[in-house]
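1. Give me coordinates for this.
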Amino acid sequence: MADCASVVGVEVSKQKLLTEEGEMSESEARLGILHEKIVNWDSDQSMIWDRDPDETSEFLQVVNEVQQLVDKLTTSPVYNKLLCYADSTLQMAMARLEEEFVHLLRQYRQPLEPDHMSFRSMEEELSEDFSSSSFEEEAIQGKSQHESGRRSEDFLVDLIHPDVVCDLRCIAETMFLAKYDKECCQAYISVRMDALDECLSVLRIEKLSIEEVLQLEWSSLNSMIKRWNRALKVFVRVYLSSESRLCDLIFGELSVSLRQSCFVEISKSSIMQFLNLGEAIAVGPLKPEKLFRILDMYEGLADLLTDIESLFPNESGSFIVNECNEILSRLGEYVRGTFSAFKNAILRNTSTTGFAGGGVHPLTKYVMNYIKALADYRVTMTVLFDEQNYSLQEEGNGLSPVASNLQSVTSILESNLNDRSMLYVDTALQCFFLMNNICYMVQKVKDSDLQPILGDDWIRLHIRKFTQHAMNYERASWNPVLLFLKDEGIYNHGSSTPSKTVLKERFKNFNQAFEEVYRTQMVWSVPNVGLREDLRISISLKVLQAYRTFIGRYASHLDGVRNREHYIKYSPEDLELALLDLFEGTPRVMHPRRR
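-> Next comes the predicted model:
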C-alpha cells in the first residue's frame, strides 16, 4: 500500500513539473513577444503619450503583463535566467515610462500667469525709507494695513494641465507597482525643481550668499526686501500650496510618505533660499533705517507660519518649520537690537549751534514720524518686547511694553531737545524752540495711532509742558517791552503832571524795544497754525491792552511837543498788524501807517 502511494506521488510530481515546464514555456514565449513590443516602442523616437490613446493603453497593458510575469517568475527560483530576461524587459519598459512621465510633466507645464503670481494687496508699497536723510515728515509713511483675508486654497492654480494629471498618476502607479517608485519620484522631483526655479526667477528672487547680501547698498537691499515680502507670500500660498496639491493628485493614493518626501525635496532648497536672506539680515549691522523692512519680513514670515506648518506636517519637513521659527527668532532679536540702536542714535545726535528760527527740528520730525510708523506694528512689537521681557516699564504703572518703550523714546528726544535749547543765547528763543518741538510731538501723537498707545496722560502732560514754554517765551520776550508802559516813575516827585521828558523816553524806548523784538522774531517760525494763532492772540491781548491804556493816559501830554510823531510812532492798529506778521518765518520791515 505504501509503495502504491509512493508511485502515485511520483507521478503527481512529474505531472506538476510537466505543467510548470509548459507554463514556463508559454511564459517564455509570451515574454519574447512582450519584449519585442517594448523594444519596438523604445526604438520609436516619438512619445507614446503623444499618439492615439489606444496605443498608450496597449503599452500600459504590456508593461503590466511583464510585471505579472516577473512576479510569477520570482516565486520559481529555478528559472533565474528567464527571470533575468523578464527583469531586463521590465527595466526597459520602466525607463521608457520614466521618459514619458518626464515628457508629460514638461510638455504640459502651465505657464506662470502674472495674475497668479501676485496679490492685489501686495501691489501696495510698504513703509517708506527711514534713511538718515529722510527727516521731513512727508518722506515717512506707515505700512499698508490692507491684508488679504482669503485662504490659501483660494489661490490654488494648475501647475500641470488638468487633462494629463490622470495619465501622470497612471504612470506613477505603474512604476510604483513595479517597485520603481524611487526612480519615479526622482524624475518628478527633478522636473518640478526646475519649474520651481523658474517660479523664483519670475518672482525676481536671487540666490545670494550671506556675504553677498551684507555687501549690498541699503537701496538695493531695501528693494530686495520689498520683493522678498511680496514673493514669499505668493510662493507659499500660491506656488507651494499648488505644488502640494499636485503631489497629492499624482502620488497621494500611492504612498503618503513618498508623496511628502517628494514635496519636501522639491521645495526645500527654494524655501531655504528665502530664509537665507532673513538670516543674512539678522547677522547684519543694526541700523535704524532697516527696522521697518525687518518688521515687514518678520510679520510676513509669521503670517505664513501656519501655512508652512500645514504644508510640512510630517517629520520629513519638520526641519523647514524649525528653520522658519529660527529665522523668526533671529529677526525678532534684530528688531529689538535695532530699536535700541535707534534710541542710541537719538542720544548721539548732537550739535554745536542752535536750529535757525527756533522751529521744529528735523530730529523731532524724524523721531516722531519713526515712532508713528512703529505704531502700525504695535501688535508685533508687543509680542517681541514680551518675548524677552524687553520693557522699561516700572511695576504697577499699567503701561504696555510698547507704550513703555515708545515713551522712553520721547523722553530721550525731550532730553536731546533740552540740550539743543541751551545752544541759544536768547532765553526767549530757548523757550520758543521747546514750545514748538513739544507741540509738534503732541500733535503727532494726537493725530495718529500713537494716541491710544502713549495715552491721554502723556498728552495732557506734554500740553502743559509746551504751554508753560509758551508762557515763559512771552515773559522773556514781551515783559521787558511792557516795562516801558508802566505808570511807575512817570510823575516827578510831588507833581500831579506827568514828566514830558520821562514820557518821551518811555515812548522812545518802547518803540525801540518793540521794533527789536519784531525784527528779531520775524524770522522765527511757529509751524502749528493753531499754536501760532493762540500765541498771536495772547501777545496781542497783553501788548495792545497795555499800549492803549498808556496812550489813553499820556498821549495828550505830548500834544504840541516838537516831533511828537517820533515818540508816539505807532497806533494800536499798527502794533496789531505787526503782531499778525510774526511767526511766519518771513523777514519784514515794520512801518507805521501815515495818519
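2. Look at the nearest residue to Thr586 once chain neighbours are set aside and report its pLDDT.
-> Nearest residue to Thr586 in three dimensions, chain neighbours excluded: Met522, at 6.9 Å (Cβ to Cβ, 6 or more residues apart in numbering). C-betas here are computed from N, CA, C, even on glycine. Met522 is assigned 91 on the pLDDT scale.
3. And for Met522, the neighbour number?
-> Residues within reach of Met522, counting by other Cβ atoms under 10 Å, total 19.
4. Surely it touches Ala578?
-> No - applying Cβ atoms under 8 Å as the test, Met522 and Ala578 come out as separate, 9.3 Å apart.
5. Tell me where the stretch 451-595 of the chain has helices.
-> For the stretch 451-595 of the chain, the helices defined by DSSP state H, counting those that start in this stretch cover 500-521, 529-554, 564-567, 572-581.
6. Can you tell me how far Trp41 is from Ala470?
-> Using Cβ to Cβ, to the nearest Å, we find Trp41 at a distance of 94 Å from Ala470.
7. Likewise for Leu196?
-> In terms of Cβ to Cβ, Leu196 sits 63 Å off from Ala470.
8. okay, now Trp41: neighbour count?
-> 20.
9. Which helix or which strand is home to it?
-> helix 2-43 (DSSP states H and E).
10. following that helix, which helix or strand shows up next?
-> Counting by DSSP H and E, what follows helix 2-43 is helix 53-74.
11. now for that following helix, which elements pack on it?
-> helix 2-43, helix 80-107, helix 162-177 (3 or more Cβ pairs under 8 Å, 6 or more residues apart in numbering; DSSP states H and E).
12. For that helix, give me every contacting residue.
-> Defining contact as Cβ atoms under 8 Å, 6 or more residues apart in numbering, one finds that helix 53-74 is touched by 27, 30-31, 34-35, 37-38, 41, 48-49, 79, 82-83, 86-87, 89-90, 93-94, 97, 167, 170, 174, 177-178.
13. which of those count as buried?
-> Among these, those classed as buried by 16 or more other Cβ atoms under 10 Å are 27, 31, 34-35, 37-38, 41, 48-49, 79, 82-83, 86, 89-90, 93-94, 97, 167, 170, 174, 178.
14. if we can go back for a sec, tabulate the helices of the stretch 451-595 of the chain (CSV), appending distance to Leu203.
-> Listed next are the helices of the stretch 451-595 of the chain as CSV, based on distance: least, Cβ to Cβ, whole Å:
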stretch, distance to Leu203
helix 500-521, 57
helix 529-554, 47
helix 564-567, 79
helix 572-581, 58
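15. can I see the domain layout of this protein?
-> When the chain is parsed with automatic domain parsing, its domains come out as 26-107, 114-338, 349-458, 486-581.
16. Adding distance to Arg475, write the ones you listed out as CSV.
-> Converted to CSV, these look like this (distance: least, Cβ to Cβ, whole Å):
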stretch, distance to Arg475
domain 26-107, 84
domain 114-338, 31
domain 349-458, 8
domain 486-581, 10
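17. shared neighbours, Met522 and Ala578?
-> What both Met522 and Ala578 touch, as defined by Cβ under 8 Å, 6+ apart, is an empty set.
18. Now name the helix or strand holding the most centrally placed residue in the chain.
-> Centroid check for the chain by Cα atoms, centre = their mean gives Asp296 as the closest residue, at 1.7 Å. If you go by DSSP H and E, Asp296 is part of helix 291-311.
19. List the buried residues in that helix.
-> Buried-residue list, helix 291-311, by 16+ other Cβ under 10 Å: 291-302, 304, 307-308, 311.
20. which residues touch the nearest residue in space to Val442 that is not next to it in sequence?
-> Using Cβ to Cβ, 6+ apart and skipping residues adjacent in sequence, the residue nearest Val442 is His462, 4.9 Å away. Taking Cβ under 8 Å, 6+ apart, we find His462 in contact with Ile438, Met441, Val442, Val445.
21. pLDDT score for the nearest residue to Arg30 once chain neighbours are set aside?
-> Nearest non-adjacent residue to Arg30, counting by Cβ to Cβ, 6+ apart: Leu69, 7.1 Å away. The score at Leu69 is 81. That number is its pLDDT.
22. surely Asn472 meets Leu429?
-> No - assessed by Cβ under 8 Å, Asn472 is found out of contact with Leu429, at 11.2 Å.
23. Would you mind telling me which of the two has the busier surroundings?
-> Between Asn472 and Leu429, counting by other Cβ under 10 Å, Leu429 is the more crowded of the two (22 against 17).
24. For the strand or helix carrying that one, name the packing helices and strands.
-> Leu429 is part of helix 427-446 when elements are defined by DSSP H and E. Where contact means 3+ Cβ pairs under 8 Å, 6+ apart, helix 427-446 is packed against helix 362-375, helix 401-421, helix 450-482, helix 529-554.
25. Any stretches of the stretch 451-595 of the chain with poor pLDDT?
-> Applying pLDDT under 70 to the stretch 451-595 of the chain flags the ranges 494, 589-595.
26. Apply 80 and report the result again.
-> Applying pLDDT under 80 to the stretch 451-595 of the chain flags the ranges 492-496, 560-561, 586-595.
27. now do the chain
-> 1-38, 40-46, 70-83, 85-87, 112-155, 386-398, 492-496, 560-561, 586-595.
28. how does it look with 70?
-> 1-27, 31, 42, 76-79, 113-154, 387-397, 494, 589-595.
29. ok so, going back, and the helices of the stretch 451-595 of the chain: which comes nearest Phe251?
-> helix 529-554 (68.3 Å; Cβ to Cβ).
30. ok, Ala546 - contacts?
-> Leu482, Leu485.
31. Distance of it relative to Ile568?
-> When Ala546 is compared with Ile568 (using Cβ to Cβ), they lie 15 Å apart.
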